[in-house]
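Student: any chance you could fold what I've pasted below:
(one chain, ligands or ions: 1)
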Amino acid sequence: MLKIVVLISGTGSNLRALLDASADAAYPARVVAVGADREAPGLQHAEAYGIPSFTVPYGSYDSRAAWGDALLEQIRVWEPDLVVLSGLMRLVPPKVVDALAPNLINTHPAYLPEFPGAHGVRDAIRAGVDQTGASIIVVDNGVDQGPIIVQERVPVLPGDTEHELHERIKPVERRLLVQTVLDIANGLDLTALSTRLPASIKE
Ligand code: GRF
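Tutor: Residues are numbered from 1 along each chain as shown. Sure, this is the predicted structure:
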């Protein structure tokens, strides 16, 4: 059984999808704890499922590094096989990434490498594209630059607001995340993905 810690900042709909999936005895992964950098509304999903949660408030620490050390300490309590950044709106410090890699994955509401960063949905609308997407990646020390595990296109419709587009992307993110965790539990090799060379220097 794959043990997962999920880290959130927001409403936790991706977390909820994982919790719902792992309620099925046949699903080979379990969320063992949920962490947040604030009093995130999504922590209610952990509570609903009786899953332990922890909060490491970013503002309580002098530096990102100190926050990261406290976060890592909390994560390690649960001895997870995989950590999922599921709407955690903070950059995870390099020490934490290095300690968890490659078993650290992130969901992103765009078709990476298009529109990385905290405003992927807004940036897609501002760019005027007619399609964006959702991606699940292995986290490295770049901003949304790690190896792509899976991604899928989502159309941008004329007149879409950021909220409307995000609400169209999120069900895709949830489906890809649940499938990715299943694939990892079934042996998908994240190490091989992590060492993949960028396409530009492959030949
Ligand atoms: C997701 O779109 C995630 O990719 C982005 O923030 C959103 C979080 O949604 N970084 P939720 O908290 O899982 O509902």
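
Student: residue ranges for the helices of the protein, please.
Tutor: 13-22, 43-48, 64-77, 94-100, 120-127, 162-185, 190-194 (DSSP state H).

Student: highest mean neighbour count out of those helices?
Tutor: helix 13-22 (a mean of 21; mean count of other C-beta atoms under 10 Å). Bear in mind the C-beta positions are built from the backbone N, C-alpha and C, glycine included.

Student: on contacts alone, who are the packing partners of that helix?
Tutor: strand 2-8, strand 29-36, helix 43-48, helix 162-185 (3 or more C-beta pairs under 8 Å, 6 or more residues apart in numbering; DSSP states H and E).

Student: strands paired with the first one, and their directions?
Tutor: Same thing as strand 2-8. Counting by DSSP bridges, the strands paired with strand 2-8 are strand 29-36 (parallel), strand 82-85 (parallel).

Student: may I have it exported as PDB, CA atoms only?
Tutor: Output of strand 2-8 as PDB, limited to C-alpha atoms (Å, rounded to 0.1, in the frame of the first residue of the first chain):
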ATOM      1  CA  LEU A   2       1.500   3.400  -1.100                       C
ATOM      2  CA  LYS A   3       1.500   5.800   1.800                       C
ATOM      3  CA  ILE A   4       0.800   9.400   0.800                       C
ATOM      4  CA  VAL A   5       1.100  12.800   2.500                       C
ATOM      5  CA  VAL A   6      -0.900  15.500   0.700                       C
ATOM      6  CA  LEU A   7       0.000  19.200   1.100                       C
ATOM      7  CA  ILE A   8      -2.600  21.900   0.400                       C
END
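
Student: and the angle from it to helix 162-185?
Tutor: 160 degrees (axes from the mean of the first three to the mean of the last three C-alpha atoms, to 10 degrees).

Student: what distance do you get for F54 to A36?
Tutor: As judged by C-beta to C-beta, to the nearest Å, F54 and A36 stand 8 Å apart.

Student: okay, now the unreliable bits of this structure?
Tutor: Applying pLDDT under 70 to the chain flags the ranges 195-203.

Student: take the helices and strands packed on helix 13-22 and write them to JSON lines, including distance to the ligand.
Tutor: Converted to JSON lines, the helices and strands packed on helix 13-22 look like this (distance: least, C-beta to the nearest ligand atom, whole Å):
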{"stretch": "strand 2-8", "distance to the ligand": "6"}
{"stretch": "strand 29-36", "distance to the ligand": "10"}
{"stretch": "helix 43-48", "distance to the ligand": "9"}
{"stretch": "helix 162-185", "distance to the ligand": "5"}
